[in-house]
Each structure stands twice: as C-alpha cells, then as structure tokens.
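J.: one predicted model, sequence on top.
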Amino acid sequence: MNKLFKSVAALLTAVGLVFGLSACAAEPVDMGTVTAVIDVRTPAEFAEGHLDGALNIDVQGMDFASRIQELDATGTYVVYCRSGNRSGQAIEQMKTMGFTNLTNGGAVSEASTLTGLPIVQ
C-alpha cells in the first residue's frame with residue numbers, strides 16, 4: 001500500500017508540474033513587446049482590482065469573440081484572470097482566431113509580478 005501511495009503521489013506531482021508550468025509563464029514579460037494586457041474576468045471582478053492599463057474582455061461574455069477579433073492577431077498579449085483557468089480558456093479561443101503570441105499570466109497577483117504592473121481599482 002505504501003508503494004502504491006508513493007507511486008500515485010509521484011504521478012500527481014509530475015502532472016501538477018506539467019500543468020503548472022504550462023498554465024502561466026514563470027519569467028517576467030518584456031512589457032516593451034506587449035501589445036495589451038487582457039483581464040478576462042467579469043466586469044465586477046475587474047472593478048475589485050485589475051492590472052493598471054488592462055483591457056477587460058470577459059471570456060464568459062457574449063461579446064468575447066467579437067471584441068477579441070477587434071485586436072491585432074499579430075500582437076503580443078498577456079491574458080490573466082482569477083486563477084489562470086479562464087485565461088487558459090481565453091487563450092485557446094484566441095489561438096483558434098489566429099493569435100499566436102499569448103502568455104497566460106495566471107491570477108491577478110501572478111500577472112502583476114510577471115508584468116511589473118500594479119494592481120489598481
């Protein structure tokens with residue numbers, strides 16, 4: 001039983017590392033190359049605190065696709081949300097629209113660290 005527990009724990013750790021590394025960038029972003037920072041949370045969440053200068057385009061909003069299509073698909077974007085989950089979903093949608101230079105900033109605080117932008121209300 002102990003051997004099984006250790007095997008399962010090792011597997012879960014490996015899976016967590018793979019998904020954790022792919023969920024958001026670990027290295028700071030060169031903001032000189034970033035076209036825009038996009039907060040994909042709801043407007044109410046955005047109002048509670050967001051990165052300075054971020055665009056609020058709610059990934060769950062009816063107008064998400066149309067608003068994203070207004071952006072330059074060749075640009076470089078940092079996308080964030082509350083935990084990194086919705087930003088991952090937004091990035092997948094953006095990829096289907098032809099966007100390629102996308103960074104999942106994860107949660108607001110992680111995105112702040114990644115970009116160097118302060119959180120404002």
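T.: Done, it's in. Numbers count the residues shown, from 1 in each chain.
J.: number of nearby residues for the residue lying closest to Ala111 once chain neighbours are set aside?
T.: Using Cβ to Cβ, 6 or more residues apart in numbering and skipping residues adjacent in sequence, the residue nearest Ala111 is Gly105, 3.2 Å away. (C-beta placed from N, C-alpha, C; glycine too.) The number of residues packed near Gly105 is 31, by other Cβ atoms under 10 Å.
J.: who are the packing partners of the helix or strand harbouring Gly105?
T.: For Gly105, the host element (DSSP states H and E) is strand 101-107. If contacts are counted by 3 or more Cβ pairs under 8 Å, 6 or more residues apart in numbering; DSSP states H and E, strand 101-107 sits against strand 76-81, helix 85-96, helix 108-115.
J.: and Thr33, how far is that from Thr76?
T.: Using Cβ to Cβ, to the nearest Å, we find Thr33 at a distance of 5 Å from Thr76.
J.: comparing those two, which residue is more hemmed in?
T.: Higher neighbour count among Thr33 and Thr76: Thr76, with 18 against 9, using other Cβ under 10 Å.
J.: which residues does that one bridge with?
T.: Beta-bridge partners for Thr76, by DSSP bridges, are Asn101.
J.: show the contacting residues for it.
T.: Under the criterion of Cβ atoms under 8 Å, 6 or more residues apart in numbering, the neighbours of Thr76 are 33-35, 101-103.
J.: which one among those residues gets closest to Ala65?
T.: Closest to Ala65 out of the contacts of Thr76 is Leu102 (15.3 Å), distances taken as Cβ to Cβ.
J.: turn the helices and strands packed on strand 101-107 into TSV, including mean pLDDT and distance to Gln121.
T.: Below are these laid out as TSV (pLDDT from 0 to 100; distance: least, Cβ to Cβ, whole Å):
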stretch	mean pLDDT	distance to Gln121
strand 76-81	98	16
helix 85-96	97	20
helix 108-115	96	11
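J.: deepest of those, which one?
T.: strand 76-81 (a mean of 26; mean count of other Cβ atoms under 10 Å).
J.: follow-up on the earlier one: quick check: the farthest pair among the contacts of Thr76?
T.: Pairwise distances across these peak at 12.6 Å for Thr33 and Leu102 (criterion: Cβ to Cβ).
J.: cool, thanks, talk later.
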